[in-house]
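Participant: for reference, the sequence and a predicted model appear below.
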Amino acid sequence: MEAKKIFLPESELPRTWYNIAADMPTPMEPPLHPGTGQPCGPEDLAPIFPMPLIEQEVSQERWIDIPDEVLEKYLIWRPTPLYRASGLEKFLDTPAKIYFKNEGVSPAGSHKPNTAVPQAYYNKISGTKRICTETGAGQWGSALSFCCSLFGLECKVYMVKVSYQQKPYRRMMMETWGGTCVPSPSTETNAGRSILAQNPDSPGSLGIAISEAVEDAITHEDTRYCLGSVLNHVCLHQSVIGLEAKEQMAMVGDYPDVVIGCHGGGSNFAGLGFPFVSDKANGKDVRILAAEPISCPTLTKGVYEFDYGDQAKMAPISKMYTLGHDFMPPGIHAGGLRYHGAAPLVSQLLDAGVIEAKAVGQVECFEAAVQFARCEGIIPAPESSHAIRAAFDEALQAKEEGKEKTILFNLSGHGHVDMASYDAYFSGGLENYEYPSEAIQESLAALPKVDF
């Protein structure tokens with residue numbers, strides 16, 4: 001029998017993170033200060049992040065050592081297994097081989113602790129007492145609450161209101177690990193109160209929640225801010241996914257023709273994909289594909305420009321694919337994929353044609369997720385269903401063309417505490433919503449004027 005699960009021994013856990021900034025096709029544009037429009041220096045970022053993370057954010061070193069204290073926590077769940085989706089292959093009757101990296105085995109049920117552990121650790125050794133953050137669907141908020149509990153830190157989470165209402169069990173996970181969670185926009189910050197004054201029924205957005213968390217951090221001396229996606233150091237920490245996957249694929253003598261990750265801000269896509277981008281730069285024939293919702297088409301309909309990272313214009317300005325910081329996404333159930341922008345590293349690679357992107361509808365995604373669960377037994381997070389849908393399409397294309405193909409995708413998390421989304425699907429309560437181009441253009445009209 002062929003192996004179903006490919007396990008990497010604990011002794012082979014990566015000891016370094018891979019920093020793709022060392023191998024980018026062109027130099028990166030620096031983040032800009034939201035007040036001056038000039039490149040941010042370490043002193044500008046210090047009220048938000050601890051210095052070790054600032055150093056990683058701007059590092060050009062290809063390999064960065066993982067501290068022993070972080071490795072110790074990683075061993076709670078890492079290395080994660082690589083699965084051969086043989087049941088799915090049989091159902092699709094495809095000549096393609098399908099593999100998936102199962103990041104749902106972490107205590108928080110997603111890939112997010114891969115960066116939450118080092119962010120909590122570096123804050124702890126830098127003297128931080130309290131961490132603030134935002135969360136969309138709750139995967140990041142629950143992961144950071146878990147990791148703050150490991151290092152004795154307080155954790156405050158501003159959760160996008162529509163997800164706070166849709167996904168109560170993620171909030172309960174945060175509270176179990178000692179975190180405090182409030183719906184955003186809230187009455188606890190100037191940014192939140194301003195939004196509520198304009199629209200008392202605002203469903204919230206990641207841009208708004210980021211504004212609240214950043215404001216909370218910079219107004220408390222003992223507090224720093226953590227972000228679960230987008231930033232360079234987050235993509236760096238997530239590289240353990242792809243580094244492990246490459247070793248596991250080698251163990252069974254295989255290599256992917258296409259690598260797929262769902263895309264919201266870019267963290268799990270980058271985690272699996274970036275180590276393979278390195279291979280591509282060195283001559284490997286591999287495609288790297290980001291799958292995003294048609295209702296939040298950042299990569300497929302956004303523009304590659306400088307934009308604010310949050311709605312209140314408090315976070316640094318970065319060059320990225322964006323729908324505009326005023327973008328107000330619909331309340332789709334894949335709540336973690338609703339950010340208006342994309343990681344600058346992901347954006348630059350897409351602009352250079354190194355990676356690809358496609359948008360998929362949530363109905364088709366849930367169809368694929370349900371079939372995946374029936375074939376492989378694992379109920380995926382709604383976010384992960386976008387990668388599954390893209391893998392389905394690649395496998396069916398291989399069947400149509402009669403060609404062999406090896407597909408690798410990232411199962412970024414399980415959906416056990418997000419079953420309301422599946423209930424909405426089975427009851428016919430989900431429909432595809434394609435965000436209007438006119439609304440995107442209206443939001444893009446508010447992009448900052450940058451002379452850089």
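Facilitator: Happy to help now that I have it.

Participant: which ones are touching the closest residue to Glu215 other than its chain neighbours?
Facilitator: Nearest non-adjacent residue to Glu215, counting by C-beta to C-beta, 6 or more residues apart in numbering: Thr189, 4.7 Å away. Where C-beta positions appear, they are placed from N, C-alpha and C, glycine not excepted. By C-beta atoms under 8 Å, 6 or more residues apart in numbering, the contact set of Thr189 is Ser211, Glu212, Glu215, Asp216.

Participant: any idea how far Leu323 is from the nearest residue in space to Lys301 that is not next to it in sequence?
Facilitator: For Lys301, ignoring the flanking residues on the chain, the nearest one in space by C-beta to C-beta, 6+ apart is Ile440 at 5.9 Å. Computed as C-beta to C-beta, to the nearest Å, the Ile440 to Leu323 distance reads 5 Å.

Participant: tell me, what's touching those two both at once?
Facilitator: Here Ile440 and Leu323 have Pro297, Lys301, Gly302 as joint contacts, going by C-beta under 8 Å, 6+ apart.

Participant: and of those residues, the nearest to Pro118?
Facilitator: Taking C-beta to C-beta as the measure, Pro118 lies nearest Gly302 of these, at 28.8 Å.

Participant: which one of the shared contacts of Ile440 and Leu323 is nearest to Pro30?
Facilitator: Taking those together and measuring to Pro30 by C-beta to C-beta, the closest member is Gly302, at 20.3 Å.

Participant: and that closest one, how far is that from Lys319?
Facilitator: For Gly302 relative to Lys319 (C-beta to C-beta), the value is 12 Å.

Participant: ok, the two, which is more surrounded?
Facilitator: Gly302 (26 against 21; other C-beta atoms under 10 Å).

Participant: contacts only, for that one.
Facilitator: Each residue near Gly302 by C-beta under 8 Å, 6+ apart is listed here: Tyr321, Thr322, Leu323, Gly341, Ala342, Ile440.

Participant: hmm, back to that, for the residue nearest to Glu215, give me the pLDDT.
Facilitator: Reported pLDDT at Thr189 in the predicted model: 96.

Participant: low pLDDT regions in the stretch 251-400 of the chain?
Facilitator: Applying pLDDT under 70 to the stretch 251-400 of the chain flags the ranges 328-338.

Participant: can you pull out the strands in it?
Facilitator: Along the stretch 251-400 of the chain, counting by DSSP state E, counting those that start in this stretch, strands occupy 258-262, 287-293, 303-308, 317-322, 356-360.

Participant: the fourth one vs strand 356-360, what angle?
Facilitator: It refers to strand 317-322. Angle, strand 317-322 to strand 356-360, by axes from the mean of the first three to the mean of the last three C-alpha atoms, to 10 degrees: 60 degrees.

Participant: also the second one?
Facilitator: Between the direction of strand 287-293 and that of strand 356-360, the angle (the same axes, to 10 degrees) works out to 30 degrees.
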